[in-house]
Structure formats: structure tokens, C-alpha cells
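> have a look; sequence and predicted model below, questions after that.
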Amino acid sequence: MRILVTGGAGFIGSHLVRRLVADEQNVVVNLDALRYSGNLENLADLVGHPRHTFVRGDICDVKAVEDVFREHGIAAVINCAAETHVDRSILDPDQFARTDVIGTGVLLEASRKAKVTRFLQVSTDEVYGSVERGHSKEGDVLDPRSPYSASKAGGDLLVRSYWTTYRFPALITRGSNTYGPNQYPEKFIPLFITNAIDDQPLPLYGDGRYRRDWLSVFDHCSGIEHALRQGEPGTIYNIGGGNERENIAVAETILSRLGKPKSLLRFVQDRPGHDRRYAIDCGRLRESGWAPAVSFEEGLRATIDWYRDNQTWWRKIKSGEFRTYYEQMYGQRLKDGTSCVS
């Protein structure tokens, strides 16, 4: 199968590309704009691989997208390209709407014209909003509460409309909070790991009791591939790890694994509209034969070890534009924050 993966130089995308290329039946075309979190170093082991082609381009660029379809004979599409960080969406909502909604629309129309056999939209459990009790199911009403989750919900609705209007063979997966190697260090787990390595404070929003279901990137990618091959067109599939944890507990585990003191934890001013809890029901995908294979304890331990052993990768990132972003997000918060240790 000749598969187009968009956003394939990013975190989830690069792991997915590597997984797909490992199957000798697949040829992967990788389209990525290489904005701040896209990183060709994530694909260093695939340089020169005969079944992987990298194309630099933006999914909002109609000509660039159409050229890829014309030149590479794409049979299936997995759209991983997205702006994904809630904090950044608060600072720059326009870019999120552009990529996650307009870009998805461009990609859908080019895919429809090319008559692809499968189109899979990689989305997020955050479109369901904060879940105080129980678990979100695929048919639940969407209740996004940040510019990021709203933009992803908009993209999802476009995908659904192509199924309803054109019977275009589209599917959606909604993954829970994903972690693992190569994740851009603005996200919770890699930020806290890298800060702890450098004995820098770990900024915990609010009371630190926000709850997330953590999903290994390897399990997320296996779920995406399973849905692509086994899923029914027009269907949404939740992908979760079944590892619900409070942020403060995850932070304490990171510090313990690295031999760092709890005094590095800081309670800081919360972000606006912070969702208290995410939790999804993954029964639909499990009934089709998928299940996560990586326990949170095993996956987090391996992730911590990866960041400790690959400091060249993340130090280059954290020394550039990241510093300006970090100061904007956390500078004053950390000055005003309080220690988690009484």
C-alpha cells in the first residue's frame, strides 16, 4: 500500500512512519512543513530508505498537496499534521484553525479527487471536553474548551461531512495523552523530564490534580494502523492506554526515577479553561482486535531513560525559539509559584 502520512516528522507521525515502513508491503510518502516541532532528526534512521520518501510541504498549500498525489499515486492517507499544544493555541489560535481545519479540508478534497481507498484523521480525546465522571464514547457530543481542541473538533466535523456527503472512505481516531521518545519538550512529560535532569523547577498548573489517560506512542501507532486496516469507513475509534494518573503523581514518579528531590515541584498559576479530566471508552477498537501492550510504568521508565540518554537531541531544541516560548509561558508563573513541599 502506498500511504501518505502528513506530519510525519513530528512526534506521533515519525513513530508511525517508522512502523509502517517496517512492513515490506508499504511505501510511505511523508509530507511535513517542518515548523517548530517537525524535526528531520526524528527520521535519521530512514535516510535513503527505499520505501520512504520525504516531501517538505504544508497541508494548507493546495498545489503542494495535489502535486504529492499526482507524483506518488497515493492509495491511503493518515493525517497526523496538526498544531497540537493547548498552551500555544492560547497564544496563537489563528495558526491552529489554519492547520487543523483549513489544512484538513485541503487534504480531504485532494484525497477525494484522487479516489484514495482510506483516509484516517488522527484526532484527540480533548474534543470531548472535560469529563468529570465516566468515559467519553465516540458518539458523545463534542465540547472542546480550548482553541486547540476546538480546531481539532472542526477538522473532525469536516472529515465526517465527507463521509456523509460523498461516502468518502474516511475514519477518525481519537487518542488520549500520548508520550514517548522524540516528543517535543514543551509537552508535560518531556518538559518535566528535561527540567528535572537540569535541576530546574517543574511547573505544575493549579493544584496538580488534573487527570489524564496516558498512552504510549507505540500503542497509539499500533491503534492507528489497526483502525486504518480493520476499521469501518465513517467510523470513529477512541485509542486510550487505560492509565489514568494525576499530573502530580506522574511528576513525582519522574523525579524518583531520576533521583531528584520533590522540592523541584512548583505549583504555578493555572492556564485558562484547563480541563480537569480526560477519559475515553476504547471498547469499539478493542472489540475489533486491538489492545495496548505497554504498561504506563514500563513506558514512562523507558521514556525517562531515552531523554537521559539522548540529551543532544533535546538540548538543541531547548536552546532555540523554545526559550522565548518557555519564558512567556512560565517565567512569571514560576516567580509567583509556590513549592509543593511544605
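Structure received.
> can you tell me the element R19 falls in?
R19 is part of helix 11-21, with elements assigned from DSSP states H and E.
> how about residues contacting that helix?
For helix 11-21, contacts defined as Cβ atoms under 8 Å, 6 or more residues apart in numbering pick out 3, 5-8, 26, 28, 30, 32, 37, 39, 42-43, 45-46, 49, 51-52, 78, 80-81, 122, 175, 178, 180-184, 217-218, 220-222, 224-225. Every residue, glycine included, has its C-beta placed from N, CA and C.
> for it, buried residues please.
Judged by neighbour count using 16 or more other Cβ atoms under 10 Å, the buried positions of helix 11-21 are F11, I12, G13, S14, H15, L16, V17, R18, R19, L20, V21.
> got those residues as JSON lines, with distance to D140 and pLDDT columns?
Below are the buried residues of helix 11-21 laid out as JSON lines (distance: Cβ to Cβ, whole Å; pLDDT from 0 to 100):
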{"residue": "F11", "distance to D140": "26", "pLDDT": "97"}
{"residue": "I12", "distance to D140": "23", "pLDDT": "98"}
{"residue": "G13", "distance to D140": "27", "pLDDT": "98"}
{"residue": "S14", "distance to D140": "30", "pLDDT": "98"}
{"residue": "H15", "distance to D140": "28", "pLDDT": "98"}
{"residue": "L16", "distance to D140": "26", "pLDDT": "98"}
{"residue": "V17", "distance to D140": "31", "pLDDT": "98"}
{"residue": "R18", "distance to D140": "32", "pLDDT": "98"}
{"residue": "R19", "distance to D140": "29", "pLDDT": "98"}
{"residue": "L20", "distance to D140": "30", "pLDDT": "98"}
{"residue": "V21", "distance to D140": "35", "pLDDT": "98"}
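> distance to A302 for the residues you listed - can I get that in JSON lines?
Putting the buried residues of helix 11-21 into JSON lines (distance: Cβ to Cβ, whole Å) gives the following:
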{"residue": "F11", "distance to A302": "15"}
{"residue": "I12", "distance to A302": "16"}
{"residue": "G13", "distance to A302": "20"}
{"residue": "S14", "distance to A302": "17"}
{"residue": "H15", "distance to A302": "13"}
{"residue": "L16", "distance to A302": "18"}
{"residue": "V17", "distance to A302": "20"}
{"residue": "R18", "distance to A302": "16"}
{"residue": "R19", "distance to A302": "16"}
{"residue": "L20", "distance to A302": "21"}
{"residue": "V21", "distance to A302": "21"}
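> quick one: which of those residues is nearest to V65?
Set against V65, the nearest of these by Cβ to Cβ is G13 (15.9 Å).
> distance of that closest one from P190?
Between G13 and P190 the computed distance is 16 Å (Cβ to Cβ, to the nearest Å).
> just F296 next, same as before
F296 is 15 Å from P190, by Cβ to Cβ.
> what about those two, which has more around it?
Remark: of F296 and P190, P190 carries more neighbours, 25 against 20, as counted by other Cβ atoms under 10 Å.
> burial count for the residue lying closest to R276 once chain neighbours are set aside?
Residue nearest to R276 in three dimensions, not counting chain neighbours: S130, with 4.9 Å by Cβ to Cβ, 6 or more residues apart in numbering. Per other Cβ under 10 Å, the neighbour tally for S130 reads 16.
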